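Asks: Sharing a model prediction with you, sequence too.
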Number of protein chains: 2
Amino acid sequence: MEQEDPRTRILDAAEELFYGQGIQAVGMDAVRAASGMTMRRVYQHFPSKGELVEAYLLRRDGRWRASLAEYVSRTGGDPREQLLAVYDWLGRWFAEPGFRGCAFVNSLGELGAVSPAVVAAARHHKAEFGSYLAGLAQAAGAPSATAVHLTLLAEGSITSAAVHGDPTAAADAREAARLLLAATPGR
Amino acid sequence: MEQEDPRTRILDAAEELFYGQGIQAVGMDAVRAASGMTMRRVYQHFPSKGELVEAYLLRRDGRWRASLAEYVSRTGGDPREQLLAVYDWLGRWFAEPGFRGCAFVNSLGELGAVSPAVVAAARHHKAEFGSYLAGLAQAAGAPSATAVHLTLLAEGSITSAAVHGDPTAAADAREAARLLLAATPGR
DNA sequence: CACCGGTGAGAACGATCGTTCTCACTCTGC
DNA sequence: GCAGAGTGAGAACGATCGTTCTCACCGGTG
């Protein structure tokens, strides 16, 4: 099981280190050591740290949204319940060991002023998340403004959980979302 | 007007640089140059970069919350309007040039894994903000759960405005807050 | 066998960082 | 006038980083 392809091993190591400790705090040598490779091989697959960071963010975005969508789609059919399931998924995420907030927000705060690629990755990630929620909201017959409100609640719960280390922010956001949906005309 | 006390000048320079570019991206020499001082003087007032970072966060927390409280207290008496005025103040903040999100969230993402002092500063800042909103909500006769919901909306709008560079997140959060308050029994 | 492109392991390089030190100079008190 | 404490200006130091280079070694091909 140690025989995965090198690119994946490097990305796995980079993701754990970058997310867990911050990008600037992790040197390329730490990535090399954690991936059990030689320096030559690392730079062979990612010719600079910047490109490794981009690849890390890109892969994480895909995984994150796929995991969310898969969880939500597994939920019973009612679109309104699917919307609320988003917050259940967030709550599970918050409770994972090593949870340290949104990787894109973190990297944006760290490198946003200096790396346009990081800014683009963060915007893309958040825009896609917003679109996903907008799609669910439309299916539930909620106005598009409500989708924006639900996005803000989700975003706020991520930040709150990260700062206070308290996963209950997800349940709070879920309750607020439920109230907003109830205050709004159904389809 | 150039004759402020050295500590203030250093903190002013540090705040602009740390907030605008990230803490790790700014070297002590940049702080020295921006404050127009000598290295000896900088280290005379802040014996390490870590202590300068702490002082920067501490002072920013006080200023930020004082500015918010002052703006809100200037608003007409209705407590419910005061609560909504919080989002107006956020909208003005978001529209300021150089806005780059919450300094505490940014520094937490950058240094949270390595600096307990930064974690403590961020938690304190967010806890105080939450308490402030809880006080306003109580005055408005809203249940304490509603205060939590309003906090999540505010937090989410900060993140959203930072990521997308779009100050309208404040107005969206305000509208969501208004709906939540309307859906809730008054005093 | 001799050759050669590629690898592993890690040293080396140049830049940058946080922090301290040097040294000439300037005040102040006697 | 002069010793001595403190300052300005910046060089120096040791550590660390991203990246590249060295070099002994290995496998396959003529």
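Replies: Sure thing, it's come through.
Asks: Kindly indicate whether the spatially closest residue to A:Phe94 that is not a sequence neighbour is helix, strand or coil.
Replies: By the measure of CB to CB, 6 or more residues apart in numbering or on different chains, the closest residue to A:Phe94 outside its immediate chain neighbours is A:Pro167, 3.6 Å from it. To be clear about C-beta, it is placed using only N, CA and C from the backbone, and glycine gets the same treatment. For A:Pro167, the assignment made with DSSP: H, G, I helix; E, B strand; the rest coil gives coil.
Asks: Contact partners for A:Pro167?
Replies: A:Gly91, A:Phe94, A:Ala95, A:Phe99, A:Ala161 (CB atoms under 8 Å, 6 or more residues apart in numbering or on different chains).
Asks: Compile these into JSON lines and extend it with columns for secondary structure and neighbour count.
Replies: As requested, the contacts of A:Pro167 are arranged in JSON lines below (DSSP: H, G, I helix; E, B strand; the rest coil; neighbours: other CB atoms under 10 Å in any protein chain shown):
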{"residue": "A:Gly91", "secondary structure": "helix", "neighbour count": "19"}
{"residue": "A:Phe94", "secondary structure": "helix", "neighbour count": "21"}
{"residue": "A:Ala95", "secondary structure": "helix", "neighbour count": "13"}
{"residue": "A:Phe99", "secondary structure": "coil", "neighbour count": "17"}
{"residue": "A:Ala161", "secondary structure": "helix", "neighbour count": "25"}
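Asks: Farthest pair within the residues you listed?
Replies: A:Gly91 and A:Phe99 (10.7 Å; CB to CB).
Asks: Report pLDDT for the closest residue to A:Ile10 other than its chain neighbours.
Replies: Once flanking residues are discounted, A:Ile10 sits nearest to A:Ser35: 4.7 Å by CB to CB, 6+ apart. A:Ser35 carries a pLDDT value of 95.
Asks: All the helices of chain A, in order from the start?
Replies: For chain A, helices defined by DSSP state H occupy the ranges A:6-21, A:28-35, A:39-45, A:49-74, A:79-95, A:103-111, A:116-139, A:144-164, A:169-182.
Asks: wait, A:Thr184 sits on A:Pro143?
Replies: Yes: taking contacts as CB atoms under 8 Å, A:Thr184 lies within contact range of A:Pro143: 6.5 Å.
Asks: Between these two, tell me which one has more neighbours.
Replies: A:Thr184 (17 against 12; other CB atoms under 10 Å in any protein chain shown).
Asks: Against DNA strand D, how distant is the more buried one?
Replies: With the distance defined as CB to the nearest atom of the strand, to the nearest Å, A:Thr184 ends up 48 Å from DNA strand D.
Asks: DNA strand C contacts on chain A?
Replies: A:Thr38, A:Met39, A:Arg40, A:Arg41, A:Gln44 (CB under 7 Å from any atom of the strand).
Asks: Go again with 6 Å.
Replies: Residues of chain A lying near DNA strand C by CB under 6 Å from any atom of the strand: A:Thr38, A:Met39, A:Arg40, A:Arg41.
Asks: Now do the closest residue in space to the last one that isn't next to it in sequence against chain B, distance only.
Replies: Closest residue to A:Arg41 apart from its sequence neighbours, by CB to CB, 6+ apart: A:Pro6 at 5.9 Å. Separation of A:Pro6 from chain B (CB to the nearest CB, to the nearest Å): 26 Å.
Asks: which residues touch A:Pro6?
Replies: Applying CB under 8 Å, 6+ apart, the residues near A:Pro6 are A:Ser35, A:Met37, A:Arg41, A:His45.
Asks: ranking the residues you listed by neighbours, who comes first?
Replies: Comparing these by number of neighbours (other CB under 10 Å), A:Ser35 comes first, having 22 neighbours.
Asks: before we move on, back to that, contacts with DNA strand D among the residues of chain A next to DNA strand C, please.
Replies: Among these, DNA strand D is touched by A:Met39, A:Arg40 when using CB under 6 Å from any atom of the strand.
Asks: So which bits of stretch A:103-113 are buried?
Replies: By neighbour count on 16 or more other CB atoms under 10 Å in any protein chain shown, the buried set for stretch A:103-113 is A:Ala103, A:Phe104, A:Val105, A:Asn106, A:Ser107, A:Leu108, A:Gly109, A:Glu110, A:Leu111, A:Gly112, A:Ala113.
Asks: Ok, stretch A:15-30 next?
Replies: Result for stretch A:15-30 [16+ other CB under 10 Å]: buried residues A:Glu15, A:Glu16, A:Leu17, A:Phe18, A:Tyr19, A:Gln21, A:Gly22, A:Ile23, A:Gln24, A:Ala25, A:Val26.
Asks: Give me the distance from that stretch to the chain's centre.
Replies: The chain centroid and the centroid of stretch A:15-30 are separated by 17 Å under CA atoms, centre = their mean, to the nearest Å.
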